[in-house]
Every structure is written in structure tokens, then in C-alpha cells.
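In: sequence plus predicted model, see below.
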Amino acid sequence: MSDHAGPTGAMLASPRCDAKTRCGGACRSPAVRGKKRCRMHGGAPGSGAPRGNRNARKHGRFSRGAINEQRRIQDLLVDARKFLQGIK
């Protein structure tokens, strides 16, 4: 180790990341300039959601059409069970 004391004042005075760690404490890394997060928690260039909220688009199993189809199938199953109970 070196006895050299480098210029660490600016680093120590910089704002800290607002993220929480896995154990619940605050992240101790410095925030990226102009952002509230460090480079590991979303302050890096190009990180974050894309413009225009394209992440909100639903597709596949959780789309409106798929959910409506699942509800129709459930209704048919309920009706079929009631019908079968009536036959006995």
C-alpha cells in the first residue's frame, strides 16, 4: 500500500446513489453526473426505459385478447360442469 493521499475530496463530496442494496441499505457509490443513480443501478448511458413507453405494450399470455379468451374458456367450463351435474 502507498502512503500517498490522493485528491479524494471531490469524490467524497459527490452525491450518492439513491438505490437500495439487497440487504436493504443504501448504495454507497457516487451517482453519475446529472443523474440520481450510480453506473451499476441505472445511471449509465443507454440504461433505462426506451422513449415512448414501449415497455408498456402487452403481448402474448397477458394481452387483452388472451385474457378475454381465458375468461370465455372458464365460462364454458363452468357451464359444462353445471350441465354434467344436471345429468346425474
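Out: Here it is on my side, so go on.
In: from now on I want contacts and neighbour counts done on CA atoms only, so please keep to that.
Out: Noted.
In: all helices for the protein, in order.
Out: Applying DSSP state H to the chain gives helices spanning 9-13, 64-87.
In: could you export those as a markdown table, including mean neighbour count, mean pLDDT and distance to residue 19?
Out: Formatted as a markdown table, the helices of the chain follow (neighbours: other Cα atoms under 10 Å; pLDDT from 0 to 100; distance: least, Cα to Cα, whole Å):
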| stretch | mean neighbour count | mean pLDDT | distance to residue 19 |
| --- | --- | --- | --- |
| helix 9-13 | 9 | 77 | 18 |
| helix 64-87 | 11 | 95 | 34 |
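In: could you dump those helices into JSON lines and include distance to residue 21?
Out: Putting these into JSON lines (distance: least, Cα to Cα, whole Å) gives the following:
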{"stretch": "helix 9-13", "distance to residue 21": "19"}
{"stretch": "helix 64-87", "distance to residue 21": "35"}
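In: and of the ones you listed, who's closest to residue 44?
Out: When these are ranked by distance to residue 44, counting by Cα to Cα, first place goes to helix 9-13 at 17.6 Å.
In: picking up where we left off before, right, and the helices of the chain - which one's nearest residue 52?
Out: Per Cα to Cα, nearest to residue 52 of those: helix 64-87, 20.3 Å.
In: could you chop the protein up by domain?
Out: Recorded structural domains for the chain (assignment: automatic domain parsing) are 10-44, 58-88.
In: ok, which of the ones you listed comes nearest residue 51?
Out: Within those, the stretch nearest residue 51 is domain 10-44; the backing value is 15.2 Å (Cα to Cα).
In: buried sites along the closest one?
Out: Under the neighbour-count criterion of 16 or more other Cα atoms under 10 Å, domain 10-44 has 15-19, 27, 29-32, 36-39, 41-43 buried.
In: thank you kindly, that will do.
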